[in-house]
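This is a predicted model, with the sequence first.
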Amino acid sequence: MKEQFILPDSTYLLSHSVGRPLHSAKQHFSDAFFAPWEQGKTEPWQQWLGGVDAFTQQLATLFNSEAKLFCPQVNLSSALTKLVHAHPRLNKAKCKVLMSEQDFPSMGFALQKSLAERSEFVFIPASVDVCDANVWERYLTPEIDLVFISQVYSNSGKQAPSADIIGLAKRQGVLSLVDVAQAAGIIDIDLSHLQPDFMIGSSVKWLCGGPGAAYLWVNEQQLGLCEPKDVGWFSHQNPFEFDIHHFAYHDSALRFWGGTPSVEPYILAAHSIAWFNEFGVDKVREHNLALQQALIDAHPQFVVSPIAAHERSGTVIVHAGDKQEALMAQLQAHNISADQRHLGARISFHIYNDMDDVERLNSLLQRLV
Ligand SMILES: Cc1ncc(COP(=O)(O)O)c(C=O)c1O
């Protein structure tokens, strides 16, 4: 498997940050982006937009939904801002949002700046276990307008019980949004089953699709209510109408698209997502869990992320107590690429990692015992 991806000389365990690209991405990009010019076409837009179409089609396959409910976005923060400005329950004078102190900070920043001034935040404290559905039940009261759920928390390696939370939210009449930045490509997300109101995600991590190819998914039941403010001719039902006095929102989630779109990140990401759709995210996950297990079995005392497989994300968090600094230095000295947050080192095994990588890591940990 390693030979299909562009990998460094080191043992690469940073897929929670940036997934490694496929070698075939270079040829694909050349065929989809440059070939229309090289073939003497005067107008490459048709092929380019076909590349963006492929992106939303591949997302529909990956998340078991419909392409028309996805809109390409630059990043999650921007998608969130656009959504808040568009939805009547989110852009009202006083909106109340439930989220966790463990959510990615950028999500909090985007919400704090885009919601109306008198809006209110309820934060589930970082000390509370976000894997426990009972915790969410305690906080999810009917006055909440939106519950923000990170499917995977980037620093703790934990997964939220999103199906339970969304079920609770529906019973309380609360809107739900799932952030799948750390889940897409490693955790199976089935939107037809999960049915949140909104989902935001990207392609840069486990999907190995590069930066700039994020997406906003809007449940069909919410789509008609959304009136984005950040629009352009590609948000129009008929972009080529060219009547400055008439604007009609696109029927699909593309109403969130805006002006002349970028195409390159989506052309690249579509290729990578197609690879994972073909290979199977379930197989990637199975491999990831098996490698994690070999680490957990060898050094359970160093693992501070969940042990139960269903609570684990793609990332294991390792903390070696007072030897943590020594561990980070050893990782660097032995060419093992991992990073560190306040809870410990983040270790992510992707399909291009193997048991040799785990053994290399385990032998370093053994020396610290
Ligand atoms: C859980 C989570 N959400 C969101 C993001 C990124 O958001 P944005 O695309 O706005 O940079 C990250 C990045 O690491 C993340 O881990």
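Nice, I can see it.

Find the residue closest to S154 in space, skipping its chain neighbours.
Q182 (5.2 Å; CB to CB, 6 or more residues apart in numbering). (Each C-beta comes from the backbone N, C-alpha and C, glycine too.)

Okay, and that neighbour sits in which element?
When elements are assigned from DSSP states H and E, Q182 belongs to no helix and no strand.

which ones are touching it?
16, 150-154, 205-206, 313-315 (CB atoms under 8 Å, 6 or more residues apart in numbering).

Looking at the residues you listed, which are in helices?
With helices taken from DSSP state H, there is no overlap with the contacts of Q182.

where along the stretch 51-200 of the chain do the strands fall?
For the stretch 51-200 of the chain, the strands defined by DSSP state E, counting those that start in this stretch occupy 70-73, 96-100, 120-124, 146-150, 175-179, 198-201.

Point out the one among those strands that comes closest to N219.
strand 198-201 (6.8 Å; CB to CB).

Contacts (any at all) between the ligand and the very next helix or strand once past the closest one?
For strand 198-201, the succeeding helix or strand toward the C-terminus, using DSSP H and E, is strand 214-218. Yes. Using CB under 6 Å from any ligand atom, strand 214-218 reaches the ligand at A214.

got a list of contacts for strand 214-218?
55-56, 59, 63, 65, 69-76, 78-79, 82-83, 191, 197-203, 226, 253, 256.

Of the residues you listed, which are in range of the ligand?
75-76, 202.

Adding pLDDT and neighbour count, write these out as CSV.
Below are those laid out as CSV (pLDDT from 0 to 100; neighbours: other CB atoms under 10 Å):
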residue, pLDDT, neighbour count
N75, 98, 17
L76, 98, 21
S202, 98, 27
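
out of those residues, who's nearest G173?
For these, the nearest to G173 is L76 (25.2 Å; CB to CB).

show me what contacts that closest one?
So L76 contacts 104, 106-107, 110, 179, 181, 200-202, 214 (CB under 8 Å, 6+ apart).

hmm, 10 Å instead?
L76 is in contact with 104, 106-107, 110, 179-181, 200-202, 214-216, counting by CB atoms under 10 Å, 6 or more residues apart in numbering.

just the residues you listed now: which is nearest R360?
A181 (27.7 Å).

count of neighbours near that closest one?
23 (other CB atoms under 10 Å).

So that it lines up with my notes, have the first residue be 817 from now on.
Right, with 817 as the first residue, what we last looked at is A997.

wait, isn't it in contact with S1018?
Yes. With contacts counted by CB atoms under 10 Å, A997 reaches S1018, the gap being 5.2 Å.

Spit out the residues that contact these two alike.
Counting by CB under 10 Å, 6+ apart, the residues touching both A997 and S1018 are 891-892, 1030.

close enough to count as contact, A942 and K974?
No. Counting by CB under 10 Å, A942 does not reach K974; the two are 11.1 Å apart.

These two: which has the busier surroundings?
Using other CB under 10 Å, the more surrounded residue of A942 and K974 is K974, with 22 against 15.

What ranges in the stretch 1017-1166 of the chain fall below the confidence cut-off?
The model of the stretch 1017-1166 of the chain has no residue with pLDDT under 70.

Please list the residues of it that sit near the ligand.
1018, 1030.

Which parts of the protein are helices?
840-845, 851-854, 861-879, 892-902, 921-930, 949-955, 978-988, 1007-1010, 1036-1039, 1080-1095, 1097-1114, 1140-1149, 1171-1184.

tell me which residues of stretch 941-961 are tucked away?
946-947, 949, 951-952, 955-956, 960-961 (16 or more other CB atoms under 10 Å).

Now flag whichever of these is closest to R987.
L956 (8.8 Å).

ok, now which ones touch that closest one?
L956 sits in contact with 914, 938, 940, 949, 963, 981, 984-985, 987-988, 990, 992, where contact means CB under 10 Å, 6+ apart.

Out of those residues, grab the one that's most surrounded.
V963 (27 neighbours).

and of the strands of the stretch 867-1016 of the chain, who's closest to Q1053?
Using CB to CB, the strands of the stretch 867-1016 of the chain put strand 886-889 closest to Q1053, at 14.2 Å.

Using CSV, write out every CA atom in that closest one.
Output in CSV follows, covering the C-alpha atoms of strand 886-889 (Å, rounded to 0.1, in the frame of the first residue of the first chain):
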residue,chain,number,x,y,z
PHE,A,886,-23.1,19.3,-0.7
CYS,A,887,-21.5,22.7,-1.4
PRO,A,888,-17.7,23.0,-1.9
GLN,A,889,-16.2,25.3,0.7
